[in-house]
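Undergrad: curious how this folds, go ahead:
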Amino acid sequence: MSFNKRYVNKETIEIYINNGLGLKKLFNTDAIIFLDKISSKVYYWYVEGLTEDEIKSNLYKNGQESNQSVNG
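TA: Numbers count the residues shown, from 1 in each chain. Purely as a prediction, here's the structure:
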């Protein structure tokens, strides 16, 4: 019997969303190892029931905020 785990970061999430693979497929695993803070937020949003479009919008908003804090 094997143990299925996934390493997840923002780029992985964007690939699954943008290529129509779906977050359900990404998060359907025995263990998830989050490589950054935003990926754990996305998982929380997913569990809370946000749609993929809402999650994508939140990813964009968080990316803009991160850019402003670095550039500002």
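Undergrad: which residues in this protein form strands?
TA: For the chain, applying DSSP state E gives strands covering 5-8, 31-34.
Undergrad: and these: which comes nearest E54?
TA: strand 5-8 (18.3 Å; C-beta to C-beta). The C-beta positions use only the backbone N, C-alpha and C, and glycine is treated the same way.
Undergrad: so what strands line up beside that closest one?
TA: strand 31-34 (parallel) (DSSP bridges).
Undergrad: where does this structure dip in pLDDT?
TA: 1, 64-72 (pLDDT under 70).
Undergrad: tell me which of the strands of the chain is the most buried.
TA: Ranked by average neighbour count under the criterion mean count of other C-beta atoms under 10 Å, the strands of the chain are headed by strand 5-8 at a mean of 14.
Undergrad: hang on, the earlier thing: would you list the strands of the chain in JSON lines and tack on distance to Y44?
TA: Shown next, in JSON lines, are the strands of the chain (distance: least, C-beta to C-beta, whole Å):
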{"stretch": "strand 5-8", "distance to Y44": "12"}
{"stretch": "strand 31-34", "distance to Y44": "10"}
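Undergrad: select, out of these, the one closest to K41.
TA: strand 31-34 (9.1 Å).
Undergrad: in the protein, which spans are helices?
TA: Applying DSSP state H to the chain gives helices spanning 10-18, 23-27, 37-48, 52-71.
Undergrad: returning to that earlier point: nearest to G20, out of the strands of the chain?
TA: Across the strands of the chain, G20 has its closest neighbour in strand 5-8 (17.6 Å, C-beta to C-beta).
Undergrad: about what we covered before: mean neighbour count and distance to S2 added to the helices of the chain, as CSV?
TA: Below are those laid out as CSV (neighbours: other C-beta atoms under 10 Å; distance: least, C-beta to C-beta, whole Å):
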stretch, mean neighbour count, distance to S2
helix 10-18, 16, 20
helix 23-27, 15, 18
helix 37-48, 16, 22
helix 52-71, 12, 28
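Undergrad: okay, those helices in CSV with distance to N4 next?
TA: Shown next, in CSV, are the helices of the chain (distance: least, C-beta to C-beta, whole Å):
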stretch, distance to N4
helix 10-18, 15
helix 23-27, 11
helix 37-48, 16
helix 52-71, 22
